[in-house]
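Student: Take this sequence and fold it.
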Amino acid sequence: MTFHNLFTPVKIGTMEVPNRFVVPPMCNNFASTNGSLSDQSLAYYAERAKGGFGLITIEATVVDKKAKGGSNKSCLFDDSTIEGLKAVVDVCHAEGSKVSVQLQHAGPEGNTKVTGFPLRAASAIRAASHRETPIAISRDEIYELVELYGDAALRAKKAGADAVEVHCAHGYLINSFLSPRMNKRVDEFGGSFENRMRIVRLVVENIRQKAGDIAILCRMNSTDDILGGISIQDATVIAAYMESIGVDGLNVSRSVHLRDEYMWGPTALHAGFSADNVRAIKRAVSIPVIAIGRFTEPHLAELMVRDGCCDLVAFGRQSLADPYLPKKAKEGQLDDLLPCIACHQGCVANMYSGAPIACLVNPALGREEEVQKKAETPQNIMVIGGGVGGLYAAWTAAAKGHNVTLYEASDILGGQMRLAAYPPGKGDITNMVRSYISKCEQFGVTIHMETDVTMDLVKTENPDVVIVATGAKPLVLPIPGINDSGVLHAVDVLDGKAECGKKVLVIGGGLVGSETAAFLGELEHDVTVVEMREDVAMDVIGEHRKFLMKDFSEYGIDKVTSAKVSSFVEGGITYTAPEGNNEKRIAGFDSVVLAMGAKNYDPLSEEVSKLVEKTFVIGDAARARKALDATAEALEAVLKI
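Tutor: As a prediction, the model looks like this:
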């Protein structure tokens with residue numbers, strides 16, 4: 001498939017964007033604590049410009065020192081940060097990209113611990129139970145804030161930015177005015193539609209007055225996804241109003257943080273899940289519209305632009321996983337694409353915690369300069385294990401110029417991550433595994449399948465470096481009857497190596513057990529999950545858990561929680577409360593599936609390290625954890641060679 005429409009230019013106000021690929025604003029925590037964009041920020045944005053993105057939007061940039069949402073946020077509330085922004089703009093311009101700066105006031109989603117100031121919002125309504133109640137911002141403060149937006153836009157223009165984007169979405173300050181759910185004011189900023197829109201009009205007018213012909217975009221919600229909030233019908237009118245007051249383009253997102261499963265789009269949601277909303281807004285305006293909605297590959301984006309559903313498409317987290325998407329699409333190299341799998345392990349989780357964002361698929365994120373350096377002296381590297389940690393280490397080392405041989409004991413690559421793609425809504429993970437294999441092929445990694453590595457083999461090969469990535473094995477606790485009752489392992493059930501009867505008892509309600517239960521429930525098994533903690537799936541990232549719990553409800557999966565297994569019996573178990581002695585029995589199942597965790601498997605490193613000084617143990621082979629840890633440790637190992 002060719003992507004003709006995605007590679008045509010488009011004008012947004014005075015700005016001509018060379019293609020339709022957009023990096024949307026994403027908080028990354030790379031900025032310095034003083035609000036300046038750092039050298040790490042520069043390298044991050046430069047890489048996406050080199051990859052061919054036509055429009056790059058600088059992360060949410062704070063306009064008011066009283067409203068900083070985190071320690072490492074980009075800021076434009078004084079002139080001291082212009083220089084850092086200009087350096088980023090210049091490097092993006094040098095690659096042919098246009099640059100927009102998102103202007104934001106976090107409002108009720110801010111961080112008082114960082115700013116020392118109380119939160120502000122249209123009305124004194126908390127954003128969520130874990131947030132403090134904001135102060136209803138005063139009329140005088142609103143008019144002062146309007147000036148701050150204009151001042152920040154002028155600073156962006158002085159830094160050379162082509163556009164600014166006013167953040168009017170996601171429950172932040174301006175969104176709290178637009179939404180009838182959050183705006184309960186009775187002054188000129190509340191009540192009627194035009195009163196609720198007044199703050200947007202004043203901000204846009206102030207920016208235009210101070211920054212002249214700079215292009216102005218607004219990021220807006222197509223729906224708040226909460227009862228009484230902005231609906232798609234409301235959003236079409238908001239869009240038309242924004243155009244009428246001089247806004248040059250719209251960046252159409254959705255949801256407030258209470259419904260952030262539709263803001264972040266976990267793996268269960270497919271590309272373009274908000275396409276109908278975007279299409280409705282596009283029909284309401286004549287200005288360019290940017291679509292957002294977990295776009296990974298460019299095929300649907302091409303159709304949406306071709307059919308007039310939108311004018312540009314944002315590839316947010318995909319640009320984290322592979323900043324070279326546009327270039328690869330143009331050159332017909334999409335088999336080389338590293339795909340975002342919407343896992344949220346390193347991007348969303350770190351953004352919330354205040355840590356620099358990371359990427360499971362692309363651990364080089366934020367470390368672009370380090371990774372691109374070629375090896376001064378090529379080494380012979382033996383990688384033991386073909387899971388994602390081993391695969392990533394292999395192709396990354398080969399890309400740096402080393403000679404790499406990978407050994408896999410089974411007849412298929414991918415390890416535990418390959419099986420993670422089997423439960424409902426997780427299929428995109430397969431794309432990641434395939435992309436790593438493709439990278440190994442591209443960089444000339446020699447792969448030996450169905451090969452158990454022994455010390456004799458290590459001695460024969462005599463490598464300079466060994467990377468042990470042998471993964472983990474299912475955890476089998478010493479519980480009476482566990483080895484005599486015919487239990488099945490969840491990994492074998494997912495892999496098609498073990499079949500379950502109609503009634504299934506899953507022991508362990510963490511990520512693997514809960515997803516295995518959903519896998520079986522979808523196939524119309526009658527499933528019950530036993531978990532020692534007070535609920536199932538407590539280790540699952542929130543946005544994913546919401547969809548997983550919908551599976552439990554739809555498939556009628558039963559739960560037995562706060563249950564500590566005391567013995568395995570035929571067709572079931574006995575259990576007690578974690579702190580109790582009153583034993584209960586649950587039986588009558590056709591199959592019992594074990595999902596009680598995993599234990600690292602490392603039969604080699606102790607002896608290998610005596611022979612090869614540079615021996616690294618990564619991922620689950622060191623300690624059973626997340627795939628994010630495996631790929632991150634793979635990169636660390638390669639960088640130490």
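Student: all contacts plus neighbour counts: C-alpha atoms, from now on.
Tutor: Noted.
Student: Need the three-state assignment for Leu258.
Tutor: helix (DSSP: H, G, I helix; E, B strand; the rest coil).
Student: State the number of residues packed around it.
Tutor: 16 (other C-alpha atoms under 10 Å).
Student: How about Ser80?
Tutor: The number of residues packed near Ser80 is 14, by other C-alpha under 10 Å.
Student: is it fair to say Lys546 lies in a strand?
Tutor: No - applying three-state DSSP, one finds Lys546 to be helix, outside a strand.
Student: so what's it closest to, chain neighbours aside?
Tutor: Glu261 (7.6 Å; C-alpha to C-alpha, 6 or more residues apart in numbering).
Student: Name all residues that make contact with the one you found.
Tutor: Under the criterion of C-alpha atoms under 8 Å, 6 or more residues apart in numbering, the contact list for Glu261 reads 542-544, 546.
Student: go with 10 Å
Tutor: Neighbouring residues of Glu261 by C-alpha atoms under 10 Å, 6 or more residues apart in numbering: 255, 267-269, 542-547.
Student: Show me the domain layout of this structure.
Tutor: Listed by automatic domain parsing, the domain ranges of the chain are 5-332, 373-473+600-640, 488-596.
Student: can those go into TSV with extra columns for distance to His344 and mean pLDDT?
Tutor: Converted to TSV, the domains of the chain look like this (distance: least, C-alpha to C-alpha, whole Å; pLDDT from 0 to 100):
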stretch	distance to His344	mean pLDDT
domain 5-332	7	97
domain 373-473+600-640	10	97
domain 488-596	7	96
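Student: Tell me which of the ones you listed lies nearest to Gly346.
Tutor: domain 373-473+600-640 (7.0 Å; C-alpha to C-alpha).
Student: does the nearest residue to Thr33 once chain neighbours are set aside sit in a helix or strand, and which one?
Tutor: Using C-alpha to C-alpha, 6+ apart and skipping the chain neighbours, the partner closest in space to Thr33 is Asn72 (4.9 Å). Following DSSP states H and E, one finds Asn72 outside all helices and strands.
Student: how close does Asn72 get to Tyr45?
Tutor: From Asn72 across to Tyr45, the span is 16 Å (C-alpha to C-alpha, to the nearest Å).
Student: What are the phi and psi values at the closest residue to Val62 other than its chain neighbours?
Tutor: Nearest non-adjacent residue to Val62, counting by C-alpha to C-alpha, 6+ apart: Cys75, 4.4 Å away. Note on Cys75: its backbone torsions stand at phi -130, psi 150 [degrees, to the nearest 10].
Student: What is the burial count for Cys75?
Tutor: Counted with other C-alpha under 10 Å, Cys75 comes out at 29.
Student: Lys98 versus that one, what's the distance?
Tutor: 20 Å.
Student: Also Cys343?
Tutor: 29 Å.
Student: And the helices in the stretch 401-550 of the chain?
Tutor: 415-420, 428-442, 455-461, 490-494, 511-522, 542-554 (DSSP state H, counting those that start in this stretch).
Student: ok, now the stretch 1-150 of the chain?
Tutor: Using DSSP H, counting those that start in this stretch, helices in the stretch 1-150 of the chain cover 39-50, 82-94, 112-115, 139-158.
Student: Give the buried residues for the third one.
Tutor: Along helix 112-115, these residues count as buried under the neighbour rule (16 or more other C-alpha atoms under 10 Å): 112, 115.
Student: same check, this time on the longest one
Tutor: By neighbour count on 16+ other C-alpha under 10 Å, the buried set for helix 139-158 is 142, 145-157.
Student: how distant is that helix from the center of its chain?
Tutor: Averaged C-alpha coordinates place helix 139-158 at 31 Å from its chain's average position (C-alpha atoms, centre = their mean, to the nearest Å).
Student: so what strands line up beside the next helix or strand after it?
Tutor: Once the chain leaves helix 139-158, the next helix or strand it forms, by DSSP H and E, is strand 163-168. Looking at strand 163-168 with DSSP bridges, its partner strands are strand 98-104 (parallel), strand 215-221 (parallel).
Student: what angle separates the first one from helix 139-158?
Tutor: To tie it back to what came earlier, the one meant is strand 98-104. 160 degrees (axes from the mean of the first three to the mean of the last three C-alpha atoms, to 10 degrees).
Student: quick one, strand 98-104 and helix 39-50 angle?
Tutor: Using the same axes, to 10 degrees, strand 98-104 lies at 130 degrees relative to helix 39-50.
Student: Same check on the last one?
Tutor: Following the same axes, to 10 degrees, one obtains 100 degrees for the angle between strand 215-221 and helix 39-50.
Student: Kindly export strand 215-221 (C-alpha atoms) in CSV.
Tutor: Extracted in CSV, the C-alpha atoms of strand 215-221 (Å, rounded to 0.1, in the frame of the first residue of the first chain):
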residue,chain,number,x,y,z
ALA,A,215,-0.6,29.6,13.8
ILE,A,216,-3.0,28.9,16.6
LEU,A,217,-4.4,25.4,17.3
CYS,A,218,-6.6,24.1,20.1
ARG,A,219,-6.5,20.7,21.6
MET,A,220,-10.1,19.7,22.4
ASN,A,221,-12.0,16.7,23.6
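Student: following that strand, which helix or strand comes up?
Tutor: Using DSSP H and E, the first helix or strand after strand 215-221 is helix 232-244.
Student: and the angle from that following helix to strand 215-221?
Tutor: On the basis of the same axes, to 10 degrees, helix 232-244 is oriented at 170 degrees to strand 215-221.
Student: Buried residues in helix 232-244, which are they?
Tutor: Going by 16+ other C-alpha under 10 Å, helix 232-244 has these buried residues: 232, 234-236, 238-243.
Student: Now do that helix: which elements does it pack against?
Tutor: helix 173-178, helix 193-211, strand 215-221, strand 249-253, helix 275-284 (3 or more C-alpha pairs under 10 Å, 6 or more residues apart in numbering; DSSP states H and E).
Student: again, only this time at 6 Å
Tutor: When contacts are defined as 3 or more C-alpha pairs under 6 Å, 6 or more residues apart in numbering; DSSP states H and E, helix 232-244 packs onto helix 275-284.
Student: Partner strands of the next helix or strand after the helix it packs on, with direction?
Tutor: Per DSSP H and E, the first helix or strand lying C-terminal to helix 275-284 is strand 289-291. Paired neighbours of strand 289-291 in the sheet (DSSP bridges): strand 249-253 (parallel), strand 312-314 (parallel).
Student: who's in contact with strand 289-291?
Tutor: The contact list for strand 289-291 (C-alpha atoms under 6 Å, 6 or more residues apart in numbering) reads 249-252, 310-314.
Student: Format the residues you listed as JSON lines; extra columns: neighbour count.
Tutor: Listed next are the contacts of strand 289-291 as JSON lines, based on neighbours: other C-alpha atoms under 10 Å:
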{"residue": "Gly249", "neighbour count": "26"}
{"residue": "Leu250", "neighbour count": "29"}
{"residue": "Asn251", "neighbour count": "26"}
{"residue": "Val252", "neighbour count": "29"}
{"residue": "Cys310", "neighbour count": "28"}
{"residue": "Asp311", "neighbour count": "28"}
{"residue": "Leu312", "neighbour count": "29"}
{"residue": "Val313", "neighbour count": "29"}
{"residue": "Ala314", "neighbour count": "28"}
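Student: got those as CSV, with distance to Arg126 columns?
Tutor: Listed next are the contacts of strand 289-291 as CSV, based on distance: C-alpha to C-alpha, whole Å:
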residue, distance to Arg126
Gly249, 30
Leu250, 27
Asn251, 26
Val252, 24
Cys310, 34
Asp311, 35
Leu312, 34
Val313, 32
Ala314, 30
